[in-house]
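> Got a predicted structure plus its sequence, pasted below:
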Amino acid sequence: MIEKLLLTVLVLRTAWQIFLEVLNLFHSTNPKSRIPEVLKDRFAPDVLEKSRSYLKDRTGLKVVSQIVQMFVTIYLVMVGLPLLERLFMVYTPLFQAFLFFGALGLILYLVNLPFRLYSIFVIEQKYGFNTTTMRTFLKDQVLTVSLIVAFSLLLIPFLIWLLSHPIWWWQASILAFGFILFFWFIQPLLIAPLFYKFTELENDVLKMKIRELIQRSSAKISKIYVMNASKRTKKQNAYVTGIGRSRRFVLYDTIMGYPQDELLAVVAHELGHHTKKHIQKNVILSSVYATMFLYLTNFLYQSILKTNAFDVQRPHTIFVYAFLFISTISYFLEPLMNYLSRKMEYEADRFSAELLKSPTPLISSLKRLVKENLSNPDPHPLYKVWYYSHPAPEERIKALNQVQ
Ligand SMILES: [Zn+2]
């Protein structure tokens with residue numbers, strides 16, 4: 001019963017993913033699709049052509065990767081995982097778990113690698129977004145894999161210990177909470193510098209203007225850093241991170257060429273996230289989500305154990321089945337999470353317009369982004385509801401125009 005249910009959910013999710021991709025592609029690339037009034041001046045025929053072709057390439061890659069991922073997962077569920085379990089049965093329980101997760105991690109990594117390579121070195125390269133060299137890519141891979149191995153060596157013994165209790169979801173939730181805090185507050189300070197170089201902002205005029213904005217928004221941020229994002233991409237971003245005295249404002253170096261008023265509008269948007277406590281809200285939201293997720297995983301874990309489903313016996317294998325099942329279902333919660341995220345983006349946009357006493361600079365920076373990033377000017381409404389963590393540029397500009 002559970003076996004059939006899992007396979008059904010896996011197939012349904014992939015079918016829905018592909019449906020959304022195809023729907024969005026047809027909606028946005030057919031000759032009759034519209035360009036929003038507010039973006040018309042940015043989409044000259046050649047830019048529009050390029051943005052549609054970029055969308056086609058990315059959609060194609062996504063669809064192929066979603067199909068491959070479905071077949072690999074079905075194979076793992078039906079054949080691969082039980083096989084891996086039996087293969088390592090002669091070792092001690094802890095060593096079994098290390099080998100099992102190591103092998104599973106390696107398989108998943110190798111399945112995803114060609115898609116990552118194609119995305120960076122073929123698609124992003126073709127449209128001039130990629131600045132990652134093969135050397136940087138390889139260095140990143142070595143570093144990422146080392147970090148994952150180090151974390152796994154710490155976590156797997158803990159997981160095995162947890163699974164020896166009949167009810168483990170609330171203990172696991174505490175651990176998850178620790179992880180969420182780490183992700184939001186510690187990772188940007190400890191892990192990000194392993195990948196990027198952060199230098200204090202040198203431009204004194206700009207520094208003074210940013211400081212003034214920080215003061216006016218009554219945030220307490222003492223340091224302003226520039227991050228060498230251009231080593232990997234041309235895409236732009238900025239964020240506030242850290243706690244207490246280590247709190248800092250970080251600007252991607254890719255954004256430094258912006259006209260100053262637009263750059264300050266982006267800074268004000270980020271200050272909006274900070275002042276409206278969006279990180280704290282995200283921490284609470286992810287913790288509730290993780291607790292619910294682990295509770296359901298624990299519940300399913302018990303059912304698999306009782307019914308002997310999938311013909312597996314070891315706690316770590318059963319855990320992987322339960323985890324996979326719940327994460328497949330949780331895909332259908334994405335619209336809810338994205339809805340909340342879009343709400344925060346509107347708040348931050350509004351904050352920026354109010355702090356600068358004008359929405360104009362943020363609007364021009366959004367228009368610039370749309371053109372430079374070859375964004376899809378008119379995504380399908382359902383696609384936006386499902387996947388967009390930020391409102392589409394057209395909607396952001398319309399909302400900003402109402403701030404006045
Ligand atoms: Zn934002």
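Perfect, thanks for sending it. Residues are numbered from 1 along each chain as shown.

> Quick one: neighbours of Lys56, just the number.
By other CB atoms under 10 Å, 13 other residues sit near Lys56. All C-beta atoms are positioned from the backbone trio N, CA, C, and that covers glycine.

> which ones are touching it?
When contacts are counted by CB atoms under 8 Å, 6 or more residues apart in numbering, Lys56 touches 25, 29.

> And for Pro45?
With CB under 8 Å, 6+ apart, Pro45 has no contacts at all.

> what's the spacing between it and the ion?
The gap separating Pro45 from the ion is 31 Å, by CB to the ion, to the nearest Å.

> Okay, that residue and Ser51: tell me how far apart.
11 Å (CB to CB, to the nearest Å).

> what's the answer for Pro193, then?
34 Å.

> With neighbour numbers in mind, choose between those two.
Using other CB under 10 Å, the more surrounded residue of Pro193 and Ser51 is Ser51, with 23 against 12.

> From Ile74, how far out is the more buried one?
Look at Ser51 and Ile74: by CB to CB, they are 35 Å apart.

> what does Gln404 give?
54 Å.

> all helices of the stretch 151-300 of the chain, in order?
According to DSSP state H, counting those that start in this stretch, the stretch 151-300 of the chain carries its helices in the segments 169-181, 187-190, 192-195, 204-216, 260-275, 278-307.

> The ion contacts on the protein?
Applying CB under 5 Å from the ion, we find that the chain lies next to the ion at 345, 348.

> ok, back up a step: please identify the deepest-packed of the helices of the stretch 151-300 of the chain.
Mean neighbour count (mean count of other CB atoms under 10 Å) peaks for helix 260-275 among the helices of the stretch 151-300 of the chain, with a mean of 22.

> and it, what does it pack onto?
helix 204-216, strand 238-241, strand 248-252, helix 334-355, helix 360-372 (3 or more CB pairs under 8 Å, 6 or more residues apart in numbering; DSSP states H and E).

> Export those as TSV, with columns for distance to Leu106.
Shown next, in TSV, are those (distance: least, CB to CB, whole Å):
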stretch	distance to Leu106
helix 204-216	45
strand 238-241	32
strand 248-252	32
helix 334-355	27
helix 360-372	37
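
> wait, which of the ones you listed is closest to Ile160?
Ranking the helices and strands packed on helix 260-275 by their distance to Ile160 (criterion: CB to CB) puts helix 334-355 first, at 30.3 Å.

> Go ahead and name everything in contact with stretch 208-227.
Contacts to stretch 208-227, defined as CB under 8 Å, 6+ apart, come from residues 192, 196-202, 207, 240, 245, 247-253, 256, 260, 264, 267-268, 271-272, 274-275, 351, 355.

> now that stretch: mean pLDDT?
If you average the pLDDT over stretch 208-227, you get 92.

> quick one: that stretch to chain centroid distance?
The chain centroid and the centroid of stretch 208-227 are separated by 26 Å, computed with CA atoms, centre = their mean, to the nearest Å.

> what's the span of that stretch, first residue to last?
End-to-end distance of stretch 208-227: 19 Å, with CA to CA, to the nearest Å as the criterion.

> try stretch 369-384
OK, stretch 369-384 end separation, CA to CA: 18 Å.

> what's the answer for stretch 298-317, then?
13 Å.

> ok, the residue of the stretch 101-250 of the chain found nearest the ion - contacts?
With CB to the ion, the shortest gap between the stretch 101-250 of the chain and the ion falls at Tyr239, namely 8.4 Å. Residues near Tyr239 by CB under 8 Å, 6+ apart: 188, 249-250, 270, 273.

> And Gly105, by the same measure?
Residues near Gly105 by CB under 8 Å, 6+ apart: 148, 152.

> Can you give me the neighbour number for Val72?
16.

> still on that earlier bit, indicate which one of the helices of the stretch 151-300 of the chain is closest to Leu81.
Once the helices of the stretch 151-300 of the chain are compared by CB to CB, helix 278-307 is nearest, at 11.8 Å.
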